[in-house]
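**Q** fold the following and give me the result.
(4 chains)
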Amino acid sequence: MSLDRTWDSPGRSASVVLFGLAALVVVFLIVPVLVVIPISFSSSQYLEFPPRGFSLQWYERFLDSVEWTSALWTSVQAGVLATLLACVLGTAAALALARSRFPGKALVVGFLVSPMIVPVIVLAIALYGVYAKLKLVGSLAGLVIAHAALGLPYVIVTVSATLQRVDERLEHAAASLGATPWRAFRHVTFPLIRPGVAAGALLAFIASWDDVVIALFISGTRSGTLPKRMWEGLRSEIDPTIAAVSTLLVAVSLALLLVLELLRRRSARLTGAVAG
Amino acid sequence: MSLDRTWDSPGRSASVVLFGLAALVVVFLIVPVLVVIPISFSSSQYLEFPPRGFSLQWYERFLDSVEWTSALWTSVQAGVLATLLACVLGTAAALALARSRFPGKALVVGFLVSPMIVPVIVLAIALYGVYAKLKLVGSLAGLVIAHAALGLPYVIVTVSATLQRVDERLEHAAASLGATPWRAFRHVTFPLIRPGVAAGALLAFIASWDDVVIALFISGTRSGTLPKRMWEGLRSEIDPTIAAVSTLLVAVSLALLLVLELLRRRSARLTGAVAG
Amino acid sequence: MAAASGRRGAPVRLDGLRKDFGSSVAVDNLSLEVGAGEFLTLLGPSGSGKSTTLLMIAGFVAPTRGEVFVSGKPITRKAPHERDIGIVFQHYALFPHLKVFDNVAFPLKMRQQPAARIAERVAWALDLVRLGDLGSRYPHQLSGGQQQRVALARALVFEPSLLLMDEPLGALDRRLRETMQGELKRLQRALDLTVICVTHDQEEALTLSDRIAVMNHGRVEQLGTPEELYERPQTPFVAEFLGESNALAARVLRRDESRAVVRTTQGLDMVVAGAAPAGEGEVRLAIRPERIEFLQEGEARDNVADAKIDEVVYLGDAVRYLLRIPSGETLIVKARSVAGGGPRMGDAVRVGWSADAVLVYAGAGAASANGLPPPPKAGEGRGRG
Amino acid sequence: MAAASGRRGAPVRLDGLRKDFGSSVAVDNLSLEVGAGEFLTLLGPSGSGKSTTLLMIAGFVAPTRGEVFVSGKPITRKAPHERDIGIVFQHYALFPHLKVFDNVAFPLKMRQQPAARIAERVAWALDLVRLGDLGSRYPHQLSGGQQQRVALARALVFEPSLLLMDEPLGALDRRLRETMQGELKRLQRALDLTVICVTHDQEEALTLSDRIAVMNHGRVEQLGTPEELYERPQTPFVAEFLGESNALAARVLRRDESRAVVRTTQGLDMVVAGAAPAGEGEVRLAIRPERIEFLQEGEARDNVADAKIDEVVYLGDAVRYLLRIPSGETLIVKARSVAGGGPRMGDAVRVGWSADAVLVYAGAGAASANGLPPPPKAGEGRGRG
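**A** Residues are numbered from 1 along each chain as shown, chains lettered A, B, ... in the order given. Just a heads-up that it's a prediction; the model follows:
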């Protein structure tokens, strides 16, 4: 029986600080984003707030436009494929890093998470240079590889953090009970790091879904992503379809976040909060 | 005495996987970026690889250009101020979140980390709309606030993770020994979460230092950041100065990462690996 | 032991303390006096309210009702940092980023003492726990026992009026625990400290305390010296929580002023001393395993039974036997080990015990099955934590 | 206990096992035979090589030299999952994402048994540990003792030829530990299991083992039954690691075939039984605290001393005294508690012990100070972990 964690104290002042902060962030970030949503349902012909009436015209325009729908399709394809690639490679790398010890390991880690550190514009320039030679500019494959590299560090970081909390003795136990290394991974380690993999997958998807700069450099006209198409749309004319696309982008990100949180809670409930 | 962590097993195959991955990432990401570095020291008048001779001409051109140096100054100012703001607010928020329990807490957390989730182009468009009305477009203050919001989630996430590992009993102990809540924070909690704050600060700075999209929307001509100026440079003419600037951007990011890693190791050595 | 402090421990009084968590009552109208310089232990299973009581004294939990007095003054409305109470936490809660010296100096720095005074007091406190030469180490460079002593020095250096301890020896090795028990006790006596200690470990409680309050369900079941509690437990709960007991359900057959005869549910008749409780006749019995003796041919006791040895557990200085008697009851018997001898598994033996070895309690049902072997699920509820 | 398994435990032989970590030798030329159905414990402080030995048997550490045989066949080159050895880990290592049933079914699924067979075997194993009705719980919903029993069921369900246990009771409460000791022992006997257990806890070792190997610095100091080790420890290390001991340094004054007279460094003369070791005359003595008795007026023993009582620690069924004798030595004495009586702190008493209560070892210096109170730093090296 230990002095437990249920004391009644500084909660109050802490909450005040918290609400103040939340309010600041809400005012400066959320409200502007939220404003986009009503505008996207406006019946007006212009970007205006508050909107005059309700209509789905901008969503209709979005769906009617081959340019927009093909951009959506590219974004989804690139996002999903890049996420899959990042998850497989990132989980393997995190496992390898957690279970091995060799000189220069820190350097290898540095390489693997460098896409998080190297400024994206430098990355974009550099990738453009290489891809131009490899004829990957404008191809979906090029975009997927670049976005997978963007997402890889997130997967490595989240999976590594989860792995740290998984007791290595569980793997010993599995081995002692007759599990080959692969079966021990499949039946014990993987189920336990799944929340970390899911979180990494979310972040990797969002890194791809979000990216403007790399897409601008290396995706060609045929294979433009939604953010790239938005960017181009803003350059040419002010088109309220942008509001509808923005709403869509945010909705997808939030929906994914929600799914992740629900999964996390379910797994926490099942395994009693902390695995291992 | 427990079955300890020194068994001789799957190390080998793990290392192979790891090296394979590192090689992939190196080829697709690091090599292109590294190519930029020799180019920046080229004596040639064009972007070419391998460079013909060594010169610092592009760095001289960078330093001689008021446009580039003022962009550098803006980037540094925005980065430092946004990081400070994000650290103070983010640490306070993380503390408040860790120590209080109230209905709707998940929602508040969601708001606070939303800049990490909302696509940056949507954020940029939305911020532009608000800032235009508040006359913040083109001002350093506007850029600092926007970048602080970008960095805030990183600080909250890293500090929260560190706080989780700090035994709450240490704060009880401090109180029982006569420390007021503020002194308990200053002398006990803060020193223990400092590694988390430092990591958050690094990520927040890089988020600002890296940002192209928001800077393109809300920083005016006078207050453009380095990545924005690079972007514009690429639009107008192909200028090898870009290579020098890229090298500089990468160098700063890497230097910060190195400092952080050294700090982390020192603190781990002092406090015996895991604090608390 | 260097220049001892001028202050001695203060008397403490808990007056009608109560704590509700939602609809459950963690501590129920607890009143208790602790004398100046006394070592009092709150002993009980988890959920008995002992930790909540400690937290209320320390100021980390606000009581729903009641008052805590130290030296006669109420402190219930003071913040923890104003209470001047030293606490030794279960896992020591040493500040990992501060050297031993700075850990011990912490309370003095918080009290803005001058540097020279701090150096002197820290040296005194470290000498007290015999760690004078380790001031420049970090906590993680110390062994568990050394960390424990640093925590003690830190809690004592500011001469608190009261010292609280939460399972002070729980994280130590059995061997080290014995050493530290002696040291703690010696310090407490030398400095005349008032100590309130919380533990679920009966041995810790027995060896350290002047008095023990056995708690259960938020109430004190019995308060007394270790000997009083062990020799004359007033409830079956105390009899079983403190030391081992053979618990039996029985019915009173007949009684006079000084003795009674009872029959257990399985049909074993037994003479018990003292006036058995009145009423229905349903009673609960408890017999300490070491009060049952193996008898030689012809020896007699108030109660005698033939038995078969089911199990022999060698403990070094003692042996624990599990006996089955013809009526079907299982008895635990603990005897000193006899070099190269003693009864063995399967042996038929005769055992006996005196009438006053049997503790008798009113009420039906076997005194809860805790600690008694055969049904192995028993005792499970009393997990750590 | 349901349909018991047809298999019984296999004999195990360790042949010249050695493990180097860099330049340090963790296990040094260890040879040992464990009979089929025997419960053998490796007992030692941390760093004694006992855990490394267990890891080599389990296959998690490759020995530098030597061979492990199970049922006469070498297994040293097999991977852990091919060894068919059940392990109960220190903190159980239950799979938190699997229900109790699936935890216990795991080894059978890995062996691709048909579902019906799995259901039957799991039911058998859960009945064995009396958890038949908890199959659908998750591990975090169980108490510590229940988790321990699930770990046991999981390690037994595939009828391994050998069961390894790492501090099997270390994470349990003192009370629960006693219950589980009995249960473990009963299971081991009923299923005729070969068990190799690792612990630093002498009580765990004494109560569970058929034989104990006391390890120190990678070597076996002594191997024998609990009684042999406790009554006739062959080295001072064993005398002190297993049970408490009064350790004294002395010099032989004179000797004949059956007795010798020695003088301790502080000047206490003592008669000891048996031929004292030859040589220089420097010896080390060890006396069990329970072998020293309080004497009534006129009673005599081979050795007698007047003493003052420095400290009395009440343990419930026993009392531990710290005595100071005129020569300056401190003696620990352990006696049964006498209801409402016994000597008190400060009393002058006479104590005595027989010549054969004194264990004599060759070599100078007091048998390491471990476990002896006055210098409190003693025993620190022996931390957990």
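**Q** what ranges in the chain fall below the confidence cut-off?
**A** By default, I'm working from chain A. Across chain A, residues meeting the criterion (pLDDT under 70) sit at A:1-15, A:18, A:22, A:26, A:47, A:221, A:236-238, A:270-276.
**Q** wait, I meant chain C there
**A** When residues are selected by pLDDT under 70, those of chain C lie in C:1-7, C:275-280, C:339-340, C:364-385.
**Q** find the closest residue to chain A in it.
**A** When scored by C-beta to the nearest C-beta, chain C has residue C:60 as its residue closest to chain A, at 4.1 Å. In short, each C-beta sits where N, CA and C put it, glycine included.
**Q** that residue looks like it's in a helix, true?
**A** No - the assignment for residue C:60 (DSSP: H, G, I helix; E, B strand; the rest coil) gives coil, which keeps it out of a helix.
**Q** that one and residue A:142, how far apart?
**A** Distance check for residue C:60 against residue A:142: by C-beta to C-beta, to the nearest Å, it reads 59 Å.
**Q** up against chain B, what does chain C have?
**A** Of all the residues in chain C, those in contact range of chain B (C-beta under 8 Å from any C-beta of the partner chain) are C:58-60, C:79-81, C:83-87, C:89-91, C:93-97, C:106-107, C:109-111, C:138-141, C:154-155, C:158.
**Q** buried by neighbour count, from these: which ones?
**A** The neighbour count (16 or more other C-beta atoms under 10 Å in any protein chain shown) marks C:58-60, C:80-81, C:83-87, C:89-91, C:93-97, C:106-107, C:109-110, C:138-139, C:154-155, C:158 as buried among those.
**Q** inside strands: which ones of these?
**A** Counting by DSSP state E, these place C:85-87 in strands.
**Q** skipping adjacent residues, who's closest to residue 184 in space?
**A** This is for chain A. Sequence neighbours aside, residue A:174 is the residue nearest to residue A:184 in space, at 3.8 Å (criterion: C-beta to C-beta, 6 or more residues apart in numbering or on different chains).
**Q** not what I meant, chain C
**A** Using C-beta to C-beta, 6+ apart and skipping the chain neighbours, the partner closest in space to residue C:184 is residue C:208 (6.3 Å).
**Q** got it, and residue A:257?
**A** Counting by C-beta to C-beta, 6+ apart, residue B:117 is the residue found nearest to residue A:257 once chain neighbours are left out, at 5.6 Å.
**Q** cool, and residue A:109?
**A** Once its chain neighbours are removed from consideration, residue A:109 has its nearest residue in residue A:97; the separation is 6.4 Å (C-beta to C-beta, 6+ apart).
**Q** what do you get for residue C:109?
**A** Here the nearest residue to residue C:109 in space, its sequence neighbours aside, is residue C:118; by C-beta to C-beta, 6+ apart that works out to 6.8 Å.
**Q** dump the host helix or strand of the one you found to CSV, restricted to CA.
**A** Applying DSSP states H and E as the criterion places residue C:118 in helix C:115-128. Presented in CSV, the C-alpha positions along helix C:115-128 are these (Å, rounded to 0.1, in the frame of the first residue of the first chain):
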residue,chain,number,x,y,z
ALA,C,115,24.9,27.9,4.0
ALA,C,116,27.2,27.2,7.0
ARG,C,117,24.2,26.0,9.1
ILE,C,118,23.1,23.8,6.2
ALA,C,119,26.5,22.2,5.9
GLU,C,120,26.6,21.6,9.6
ARG,C,121,23.1,20.1,9.8
VAL,C,122,23.6,17.9,6.7
ALA,C,123,26.8,16.6,8.2
TRP,C,124,25.0,15.8,11.4
ALA,C,125,22.2,14.0,9.6
LEU,C,126,24.5,12.0,7.4
ASP,C,127,26.6,11.0,10.4
LEU,C,128,23.4,9.9,12.1
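**Q** hmm, who's touching that helix?
**A** The set of residues external to helix C:115-128 that reach it, using C-beta atoms under 8 Å, 6 or more residues apart in numbering or on different chains, is C:1-3, C:100-101, C:104-105, C:108-109, C:113, C:132, C:134-135, C:153-154, C:156-158, C:187, C:191.
**Q** buried only: go through those residues for me.
**A** Applying 16+ other C-beta under 10 Å to the contacts of helix C:115-128, the neighbour count classes C:100-101, C:104-105, C:108-109, C:113, C:134-135, C:153-154, C:156-158, C:187, C:191 as buried.
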